[in-house]
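Chemist: Quick check, what structure comes out for this input:
(chains A and B)
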Amino acid sequence: MITPRYAADSATSRRQFLSWSAAAVAATALTAAGCAAPDGSSASEKAAADGTASTAARLTKIGLDYPFTQLPLYSTLVKLSTTAAKKHGISLLTTNDAGSADTQATNLNTWVARKVPAIVSFPMVFEAAEPVAKAALDAGLIWVTYGGTLEHQSADIQFSFREGGTLLGEAAAQWAKERLGGKGKVAFLTDSTIELGRERTKGMIDAFTKLAPGVDVVAREQAIDPDTGLAKTKAILARHPDLNIVLGVTDAAAYGGYKALQQAGRSKDHAKTFVGGQDGAAPSLLAIRQGTFYRASAALAPKAIASAIVDVPRAVAADRKNPSAQVPITLVQRGDTKEIDTLLAQNGPGPS
Amino acid sequence: MTTVDRALGRPRAFAPVGLTVVRRHPLIAVLAVMVLVFQLATGSFLDASNLSGIATDAATLAIVAVPLALLVISGYLDLSVGSTLALGGLVAGWLAGQGQSPVVAVLGALAAGAAVGAVNGVLCCYLGLSAFIVTLGMLTAVRGLAQQLFPLPLSGFGSGFAWLGGSRIAGVAAPVVIAGLVLVAGALFLALTPGGRHVFAIGVNREAAHLSGINIRRTPFALFVVTGVAAALAGAIKASVLDSAVAGTSGAGFELTVLTAVLLGGVALTGGSGSVLGVLLGVLFLGSLQNGLTLLNVPTFWQQMAQGVALVAGAALAYFAPRTR
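Modeler: A predicted model of the protein is given here:
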């Protein structure tokens, strides 16, 4: 029998090399991860282990569970929340849910088992979060719901996702009345996959169609990222080259629509074109500030959210009345230079 | 007609060439019917502007699909292309944003892609680890690296860099020209060079190829590197087209789209068979399907269902077609 040379050649040494390499890589990765992890002083560990009675008095750790780690807002929130927490001698823990509801549930259960004294969680599926929220409260921990309300919670940080959509829809409808005489064509880039997206979509479409009933709705397409926004808007333009308005459930999708319109030959400041989105993403804010036909964004205020992530659990720990917070969503448009600059500073845009 | 001819799906001497091509690539017929239906239903599918849009969108897919197809034919796989695309786009965009020339920006992206491909190649070809596991791991690791290096969105890369995605060469969009060059290079390599024959030989039987004197490590290693470079180039083009790049979402799920295009094109996942023409058809099929459903204003969930059914039908046709070697 012929044994292939490539398989027989120093098979043992290759296995040894592989084993040692794998061990070295794993050790390096674990060491790096350990070095990157937040400091856990012995006092804070003890406080965490003490659990119920001492939690309110000694809040040394807050766990931020924001599942959409792929979004730029995640990095911004972690950065700003960490800074806000440090001011109060609190260390911030984070999960890596990678947009998965299952992973989120596992991570939250781990935190409850470890008795992380305060958990701020943005549940991907609110109904599914009730049991773990109840377990957290039963263990004497603080549970703050982000972006909604649960039956079992200490407090919440509220946004009106629908309000963001409504603000954008109203602004676009007003523009259509003034610049297009209440006529024209609109395409909506929507999201029906998660609650946040559905709320934003409904707010946007309801407000626009109510205030500008004469504008023809030519498309409602699922798109939350710039690639899809670009491809969908290109296809819509093939059938409706006179499309006037593109409204996005996210700034990322709307930015794709903005680029598609530009590539179809619209000048950057085309008077009869309106693009708007939601989030307050840096590329969109820059386009608005430059006076392009990207005219509006319903922007979240990252600094206000980050403050709430730290202040609401602290308020619960201090037994303050009404510890919950309502974080506003602001519509920014061309003239709002100061607000745009403030948001850009918080978002830390790339090269401009 | 000999038995070998039959096994290889070679045409009868008197069979019309067109018919033979359709027999080997039944996706052509499906694509033709689909185009006809979309044109009749919308009246605008075959408009020059729409076809140009489809071609531009499909260009980045084709640029990555060709080298990936060669890799799959040689019996390997690369699932890390989506993250490599993101890294390439971010590196190129960042360099352009720092005031570097577009050439330097693109070269930087290509270097990043080559590095990812080289790591994949060393682990899979020289250390013999499973390509599925290695590239799946790299998919996550490279995405994490991109997010760590560029946690915030990049945008505003300047007019020089916009040339890559927005300019026209002899009236054709630059990404389409680049994709055309990649397709031609891939087809010529596969059909006319010893390296191309080695790709098939390694994919059919690695041990036999080794005993025939073929270097069964070097060729797939080179293909891993080329695939990484192609993914990074596609990322740079996307960043140029969008004038922005986001680490968390750029190229997310792209690995499945490109693999779908490759498999639809008749490339066997087990290696040893496939063609660049088939890959081109797979790319056009996916691009046309998404565009047509949007033109028809089909609701989102129906679009997903229609895409799934069409993909299964296309894959079944490709599976039952004669293998191309």
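Chemist: For A:Arg220, grab the count of nearby residues.
Modeler: Close neighbours of A:Arg220, defined as other C-beta atoms under 10 Å in any protein chain shown, add up to 16. All C-beta spots, glycine's among them, are computed from the backbone N, C-alpha and C.
Chemist: Tell me if stretch A:87-95 is near chain B.
Modeler: No. For a cut-off given as C-beta under 8 Å from any C-beta of the partner chain, stretch A:87-95 has no contacts with chain B; the smallest distance is 12.7 Å.
Chemist: if you average pLDDT over that stretch, what comes out?
Modeler: The average of the pLDDT scores along stretch A:87-95 is 94.
Chemist: Contacts for it, please.
Modeler: Applying C-beta atoms under 8 Å, 6 or more residues apart in numbering or on different chains, the contact partners of stretch A:87-95 are A:38-40, A:44, A:59-67, A:78, A:81-82, A:85, A:104, A:107-108, A:111, A:116, A:310, A:314.
Chemist: Please spell out the ChimeraX selection for the buried subset of those residues.
Modeler: Buried members of the contacts of stretch A:87-95, defined by 16 or more other C-beta atoms under 10 Å in any protein chain shown, are picked up in ChimeraX with:
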select /A:44,59,60,61,62,63,64,65,66,67,78,81,82,85,104,107,108,111,116,310,314
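Chemist: Tell me which of the contacts of stretch A:87-95 fall in strands.
Modeler: Among the contacts of stretch A:87-95, the residues falling in strands (DSSP state E) are A:61-65.
Chemist: Turn the residues you listed into JSON lines, columns for pLDDT and distance to B:Gly287.
Modeler: Putting the ones in strands among the contacts of stretch A:87-95 into JSON lines (pLDDT from 0 to 100; distance: C-beta to C-beta, whole Å) gives the following:
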{"residue": "A:Lys61", "pLDDT": "94", "distance to B:Gly287": "50"}
{"residue": "A:Ile62", "pLDDT": "96", "distance to B:Gly287": "47"}
{"residue": "A:Gly63", "pLDDT": "95", "distance to B:Gly287": "44"}
{"residue": "A:Leu64", "pLDDT": "96", "distance to B:Gly287": "40"}
{"residue": "A:Asp65", "pLDDT": "95", "distance to B:Gly287": "38"}
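Chemist: want to throw those into a markdown table with distance to B:Leu127?
Modeler: A markdown table is the format used below for the ones in strands among the contacts of stretch A:87-95 (distance: C-beta to C-beta, whole Å):
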| residue | distance to B:Leu127 |
| --- | --- |
| A:Lys61 | 41 |
| A:Ile62 | 43 |
| A:Gly63 | 39 |
| A:Leu64 | 39 |
| A:Asp65 | 38 |
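Chemist: ok, which pair from the residues you listed is furthest apart?
Modeler: Within these, A:Lys61 and A:Asp65 form the most distant pair, 12.9 Å apart (C-beta to C-beta).
Chemist: quick revisit: can you tell me which of the contacts of stretch A:87-95 end up in helices?
Modeler: A:44, A:78, A:81-82, A:85, A:104, A:107-108, A:111, A:310, A:314 (DSSP state H).
Chemist: Which positions in stretch B:135-152 come out as buried?
Modeler: Using 16+ other C-beta under 10 Å as the test for burial, stretch B:135-152 gives B:135-139, B:142-143, B:145-147, B:150-152.
Chemist: Confirm for me that B:Leu183 is in contact with B:Ala65.
Modeler: No. Between B:Leu183 and B:Ala65 there is no contact under C-beta atoms under 8 Å: 9.1 Å.
Chemist: out of the two, which sits in the busier spot?
Modeler: In this view B:Leu183 and B:Ala65 are compared by other C-beta under 10 Å, and B:Ala65 has more residues nearby, 35 against 20.
Chemist: Just the pLDDT at that one, thanks.
Modeler: Taking B:Ala65 on its own, its pLDDT is 97.
Chemist: before we move on, back to that, how about CSV for the ones in strands among the contacts of stretch A:87-95, with distance to chain B added?
Modeler: CSV is the format used below for those (distance: C-beta to the nearest C-beta, whole Å):
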residue, distance to chain B
A:Lys61, 23
A:Ile62, 20
A:Gly63, 20
A:Leu64, 15
A:Asp65, 17
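Chemist: What are the phi and psi values at B:Leu127?
Modeler: Main-chain torsions, B:Leu127, degrees, to the nearest 10: phi -100, psi -10.
Chemist: Poorly predicted segments of the stretch 1-150 of chain B, please.
Modeler: For the stretch 1-150 of chain B, residues meeting the criterion pLDDT under 70 lie at B:1-18.
Chemist: returning to that earlier point: same list (the buried residues of stretch B:135-152) but as JSON lines, adding secondary structure.
Modeler: Formatted as JSON lines, these follow (DSSP: H, G, I helix; E, B strand; the rest coil):
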{"residue": "B:Thr135", "secondary structure": "helix"}
{"residue": "B:Leu136", "secondary structure": "helix"}
{"residue": "B:Gly137", "secondary structure": "helix"}
{"residue": "B:Met138", "secondary structure": "helix"}
{"residue": "B:Leu139", "secondary structure": "helix"}
{"residue": "B:Val142", "secondary structure": "helix"}
{"residue": "B:Arg143", "secondary structure": "helix"}
{"residue": "B:Leu145", "secondary structure": "helix"}
{"residue": "B:Ala146", "secondary structure": "helix"}
{"residue": "B:Gln147", "secondary structure": "helix"}
{"residue": "B:Phe150", "secondary structure": "coil"}
{"residue": "B:Pro151", "secondary structure": "coil"}
{"residue": "B:Leu152", "secondary structure": "coil"}
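Chemist: near chain A, which of those show up?
Modeler: Restricting the buried residues of stretch B:135-152 to those near chain A - C-beta under 8 Å from any C-beta - leaves B:147, B:150-152.
Chemist: Tell me the one of the residues you listed nearest chain A?
Modeler: Checking those against chain A with C-beta to the nearest C-beta, the nearest one is B:Pro151 at 3.5 Å.
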